[in-house]
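> A structural model of the following input is requested.
(one chain, ligands or ions: 1)
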Amino acid sequence: MNQPLKITNHLPTAELQALDAAHHFHPFTDKAGLAAKGARVITRGEGVWLTDSEGNRIIDGMAGLWCVNIGYGRKEMGQAAARQMDELAYYNTFFQTTHVPAIALAAKIAELAPGDLNHVFFAGSGSEANDTNIRLVRRYWQVKGQPERTTIIARWNGYHGSTMGGGSLGGMKPIHAHGGKIEGIEHIDQPYWWGEGGDMTEADFGLARARQLEEKILELGADKVAAFIGEPIQGAGGVIVPPSTYWPETQRICDKYGILLIADEVITGFGRTGNWFGSETFGIKPHIMTIAKGLSSGYQPIGGSIVCDEVAEVVGSGGEFFHGYTYSGHPVAAAVALENLRIMQEENIIDHVRNVAHPYLKERWDALVDHPLVGEAKLVGLMGSIALTPDKAKRAAFASETGTVGLRCRERCFANNLIMRHVGDRMIIAPPLVITPEEIDILIDRAKKSLDECYEGLVADGLFVAKAD
Ligand SMILES: *Cc1c(COP(=O)(O)O)cnc(C)c1O
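As a prediction, the model looks like this:
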């Protein structure tokens, strides 16, 4: 009889690492560095906890890649997938066909999304959804008789995925450097006060950065601009929480020039900021929202664009929209996403974020600024960051190359069985939304221990030094 492959009954770690290095081409990884060190092999997940192939229990402060909002190991999710595979494993949604999971999920998302964001175009990921958005906004203006409006304005250090379209919308120069970027995308500066605010107040800086949008529109000509895209809070850029003045001014400018506003909610959607969507947290009224990640809590790959009535009607009035993915609205992914949203709602997970997890984590996270290495702490809902600095008063950067200190800190976290990422010299967290106060205590204790060890190492190695002005 055929035995099912038991993945948990695995080869010794060193053998797995050797096979991995030989055959697995990893995303966002330095191959030589990985081969030298060996990848950490994750074998199990339960709640906020991961187990590796050596049996270590790791607390996942990043919810995988910001996505496992309901936590690992929920049996109902696998059962939903199995039921759907038995019923209808695959059918497409092209050419005037549909199926029940896609219908039900689109209706559910329309119910949860604010305002008249009532139409969902499905994709397999956040990157794909942003590629859809490029085509969608350009098509919108074509049908409206303004085909010159093709340029999309985005921000430096924004992240919108790593397909050619998503990577071009993103403002990450290392990504542009590998293969270039597509035409018709312009970048303005990010609202990163700690790093770039100089002597300005946060409020003034927020306004100044928002007004770069207006300057860019005037420079290009409003009749050339299709849309502006931004993450309510930049995630991969380092959990950059914009000053409170930023989004209202950005909204005003988009409204004034009739520019479509795309909120990339791939991280901020589905409870991460303490509301269903980050746009609600910041009072943004987008025409299109990009979603993925928390939509299925990462149990299945699925993303999409939630589109307002007007944009859907205009694009819909133009005949066939020549765009789609084989797996747009994949029935198994849709069924799993529906189950995820059912769990989110029935277990009041957003209330847990607002009333329990956020207030408790906020108290403990903010207290990290007492540490000699930590300059500021930011937390919205359950996404947070701390700035590492050798001189808090001056908001100074380190003399070492950006990211050197952050990487050293992350290595200490890994060694202490805490997953916390670094972006440059900022440390970031986005734990599963179901994290309990007891688990928050463990997370913070491990973070402090890691910061202590990092700090001692920096002092010992003469690296606790500010960059000269
Ligand atoms: C992760 C992310 C994406 C890309 O999503 P993928 O599913 O990795 O393609 C897009 N936008 C934002 C804001 C993200 O965080």
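> residues contacting the residue in the stretch 351-469 of the chain that the ligand sits nearest to?
Of all residues in the stretch 351-469 of the chain, the one sitting closest to the ligand is A430 (9.8 Å; C-beta to the nearest ligand atom). Just so you know, the C-beta spots here come from the backbone N, C-alpha and C atoms, and that holds for glycine as well. Going by C-beta atoms under 8 Å, 6 or more residues apart in numbering, A430 touches G61, M62, A63, W66, G235, V239, I267, R272, L382, M383, G384.
> next one: phi and psi at the second one?
In this entry, M62 is assigned phi and psi values of phi -120, psi 10 (degrees, to the nearest 10).
> pretty sure it sits against H422.
No - judged on C-beta atoms under 8 Å, M62 makes no contact with H422 at a distance of 11.0 Å.
> give me the common contacts of those two.
Jointly contacting M62 and H422 under the rule C-beta under 8 Å, 6+ apart are I428.
> got the domain ranges for this protein?
Using automatic domain parsing, the domain ranges for the chain come out as 40-70+349-460, 76-346.
> could I get the ones you listed as TSV with mean pLDDT?
Shown next, in TSV, are these (pLDDT from 0 to 100):
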stretch	mean pLDDT
domain 40-70+349-460	97
domain 76-346	98
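> can I get those in CSV with distance to H24?
Shown next, in CSV, are the domains of the chain (distance: least, C-beta to C-beta, whole Å):
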stretch, distance to H24
domain 40-70+349-460, 11
domain 76-346, 18
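> so what's L117 up against?
Per C-beta under 8 Å, 6+ apart, neighbours of L117: A110, P286, I288, M289, I306, V307, C308.
> so which of these belong to strands?
Among the contacts of L117, DSSP state E puts I288, M289, I306, V307, C308 in strands.
> surely the fourth one is in contact with H119?
Yes - A contact is recorded between V307 and H119 when judged using C-beta under 8 Å, the distance being 4.4 Å.
> which one of the two has more residues nearby?
V307 (29 against 21; other C-beta atoms under 10 Å).
> of the ones in strands among the contacts of L117, which is the nearest to S450?
M289 (34.9 Å; C-beta to C-beta).
> so what's that closest one bridging to?
In this entry, M289 is beta-bridged to A263, I306, by DSSP bridges.
> hang on, the earlier thing: of M62 and H422, which one has the most company?
H422 (21 against 18).
> that one: which element?
H422 belongs to strand 421-423 when assigned by DSSP states H and E.
> how many neighbours does A104 have?
Neighbours of A104 (other C-beta under 10 Å): 15.
> quick one: the ones in strands among the contacts of L117 as a markdown table, columns for distance to the ligand too.
Below are these laid out as a markdown table (distance: C-beta to the nearest ligand atom, whole Å):
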| residue | distance to the ligand |
| --- | --- |
| I288 | 13 |
| M289 | 11 |
| I306 | 14 |
| V307 | 17 |
| C308 | 19 |
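> give me the residue from the protein nearest the ligand.
Taking C-beta to the nearest ligand atom, the chain has G126 as its residue nearest the ligand, at 2.3 Å.
> residues touching that residue, list them.
H160, G161, G166, D264, V266, T290, I291, A292, K293, G303.
> kindly report the same for E186.
Residues near E186 by C-beta under 8 Å, 6+ apart: T151, I152, I153, A154, K216, L220.
> what parts of the stretch 51-200 of the chain come near the ligand?
By the rule C-beta under 6 Å from any ligand atom, the part of the stretch 51-200 of the chain lying against the ligand is S125, G126, S127, N130, Y159, H160, G161, G166.
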